[in-house]
Structures are given as C-alpha cells and as structure tokens.
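S.K.: dropping the sequence and predicted coords here.
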Amino acid sequence: MIKKPDLTDKATDQRNNPDAVVFAGDGEPQIPQSMVTRITGLLQSDKLQPDTYSIGGSVEMLESRIAKELGMEAAIWMPTGTLANQIALRHHCGTKSRIVLQEQSHIYHDEGDALVKLSGLNAIPLAYGQPYFSVDELRKALKEATSGRVLNPVGAVSIESPVRRQAGQVVPWNEMLSITNLCHEEGIPVHLDAARLYMMSAATGIDVKKYANLFDSVYISLYKYFGAPFGAILAGTDKFIENMFHDRRMFGGGLPSSYLSAALALEGMNGFSGRFNESFNKAKALFEIINKLPGIEIRQFQNGSNIFELLINSNINIDQLIENLLDLDIVIPEPKNDWPVPLIHVNTTILRKSNSEIAEAFSDAIKS
C-alpha cells in the first residue's frame, strides 16, 4: 500500500516561494513579508490616503476608478463580497421578498441564509447542480410568483458568473443577455455577483464594461486577484449607491483604516488586465504542450474561465505526481470532495517560468 505523502507543509512553503508557479487560487499568494513590502512602497510614494470609517481617502479613489472602468455611475467599498451581495439585494427588493438565483451560487450556499435571516428575503433557487438557469426557467419562476392566492412578486434576480461551485464556469453571453433583457422588460432589478469579473472577461473576450452594462448592480472582489487582504466593490447608479454607507455601517462594515486594503487593491489593479491576458494566453499554449505528454490531460470547460480540469491515467499516482511537481517549484492543488479531479487555476504566477520549463517539470514529474 502506497502511503500518501504529507504534502501540506511542502505546498505551503512553495506557495510562499516567489519563484514557484502556483496553479491554485486566482491571484498570487500574499504572504506577510510581501504585504508589508508593498505597504511600505505605497507609504514612500505617498499613496496611502486615510479614510474615515471607509469614507474618503484611498477608498474613495478606488470607488471612483472601478465605477469608471465598469461604466457605472457610482461604487462603494465593502469589507466582504458577502456584505456587498446582501446589501445590493436588500436595496433592490424593497418591500418585495423573493429573489431568484442559481442553486449553485455563493449567495445560496455559502452566506448562511443571510437573505432571510437578516433581511427577510426568500431565495428561489433554480438550475440544481448546474452553473446557470435559462431564460425559460426564469420566466416560469416569475409566473409562479404572481399566480398563487397571495402574490409574491420577485424583487430581484441575481446571477453569479463565474460560478465558484462549478469550477469557475461562466454564464454564456447570449443566456445572460436574454435573462437581463427579460428582467428589464419586467421592471425587475438584476444583480451580477462577479467576484472574478476581470478573469471572466479575459476568458470570454468580452469587456468588463459590456458585462456591467447589462446589470443594475455589480460586485467584484478586491482580494482574490488584486492583492488586497480583504474587500469588495459594489457598483450601480448614483441613486442606488447614495447613502448606502449607512447600511454598510449598520451591518458592521464601516471599518476604520480601510484605506490600507483599498490602496493595495489600487496598486494591484495597475496593469492587471494586461498581465492576466498574457497569463491566460500563455496557459493555453502551455496546456497544448502538456497534453502531448503520456497519461495526462488538462481540459478546458465548455464555458470555462481560468479553471481547468487535470485528468490523469489510473497508472499515475496523483499524490506522488503532486509531490514531484512541488519539488520542481510547481504547485497544483490536491483533489477536493466537491470535485472529482484536481483543478488547475491560471493566475499570474505562470509568468514566473517559461512554458518549456513548466512543461519539462510536468514531464519529469510523470517519469518519476
């Protein structure tokens, strides 16, 4: 019996290695030393502008920048994506209590039923086990909401894309367009939970502004790939965002010294789209090389983003392969219970080595 190697410590060390290619996570690993170094650089260049409970300073600069990039009128900083989603849907619904969303969405599975517990909102999940629902499924849900003995009209529709629980698969553009058009026709606000919007844009070739233009509100993450320790941005119209800081503080999200996170995100955004597009194109070329190796295939999802499946022949021991790659400064995640095979995440760490170096490491790992 082959004993499974203890890979945790070795993987942690390699994630913190500035020369390692880390095929895990959406951004470059943020370790304390690099975080302090970046903050020191921002201080020396006078780019740390204090806020007052998340109002003003670097926070306001970040809000203005992202609103402009998304082509939306205004934006507000939030400490977490969970809070951004909750406050957005709370505002959209008003006195209406139903929200239609994907059954596989973060809001439905990973936010502790906050919609009903904190705001009295009832989630109507569609498309069980699937990345997205169709416009016909939505039309049926809207009809059911107004055909009972007591009317319960839908107050908002939420779309998550890419869908984390479905390995980063995205809602196809045509389906997204049909859904948002129906919502606008029916006068129903529609929210985009797009923590990884910039990555989705790189994968589909559709500009972030074009995506945002379909929706009444958009949330993006600041820590997943922009290098902030925490934080999110919620964007919408001036009227929608106006005075929302009161709700943010009511939920405990008006944090002092938020400018530290905001300034790091501003720095991380500089040149990110170019670097990630380069990384994504480099990965596609790399995977073509790796797929010529015996017993291994990196497969793209039909509606995928920056996450790919790693398929391995049964004669290759996956734990040993992972350990061999760690020895060669390549990190791939172990399989998890929620997905049957390892998932390869493309991020900017792929720029640390040439494709020939990475492909040779995979070849040597397989041979070993």
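M.R.: Yep, that arrived. Residues are numbered from 1 along each chain as shown.

S.K.: please look at Asn324 and Phe362 and confirm they touch.
M.R.: No: using C-beta atoms under 8 Å, Asn324 makes no contact with Phe362, being 9.2 Å away. From N, CA and C alone the C-beta is placed, and that goes for glycine too.

S.K.: so for Ile296, what's the pLDDT?
M.R.: In this model, Ile296 is scored at 95, pLDDT.

S.K.: contacts only, for Leu70.
M.R.: Contacts of Leu70 were listed using C-beta atoms under 8 Å, 6 or more residues apart in numbering, and they are Val208, Lys209, Ala212, Val218, Ile220, Ala235.

S.K.: can you give me the buried ones in stretch 204-218?
M.R.: Thr204, Val208, Tyr211, Ala212, Leu214, Phe215, Asp216, Ser217, Val218 (16 or more other C-beta atoms under 10 Å).

S.K.: TSV for these, including pLDDT, secondary structure and distance to Ile159?
M.R.: Below are these laid out as TSV (pLDDT from 0 to 100; DSSP: H, G, I helix; E, B strand; the rest coil; distance: C-beta to C-beta, whole Å):
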residue	pLDDT	secondary structure	distance to Ile159
Thr204	96	helix	14
Val208	98	helix	15
Tyr211	98	helix	10
Ala212	98	helix	12
Leu214	98	coil	9
Phe215	98	coil	8
Asp216	98	coil	11
Ser217	98	strand	11
Val218	98	strand	10
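
S.K.: just curious, which of the residues you listed is nearest to Met244?
M.R.: Proximity of the buried residues of stretch 204-218 to Met244 (C-beta to C-beta) peaks at Ser217, which lies at 10.3 Å.

S.K.: look up the closest residue to that closest one, ignoring the ones flanking it.
M.R.: In this structure, Ser217 finds its nearest non-sequential neighbour in Gly236, 4.1 Å apart by C-beta to C-beta, 6 or more residues apart in numbering.

S.K.: distance check, the one you found against Ile290.
M.R.: Note on Gly236: its distance to Ile290, by C-beta to C-beta, to the nearest Å, is 42 Å.

S.K.: show me which of these two is the more surrounded one.
M.R.: Taking neighbours as other C-beta atoms under 10 Å, Gly236 and Ile290 compare with Gly236 leading, 27 against 20.

S.K.: so this protein: which segments form each domain?
M.R.: If you go by automatic domain parsing, the domain ranges for the chain are 8-26+272-367, 49-269.

S.K.: now distance to Thr40 too, for these, in JSON lines please.
M.R.: Formatted as JSON lines, these follow (distance: least, C-beta to C-beta, whole Å):
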{"stretch": "domain 8-26+272-367", "distance to Thr40": "17"}
{"stretch": "domain 49-269", "distance to Thr40": "12"}
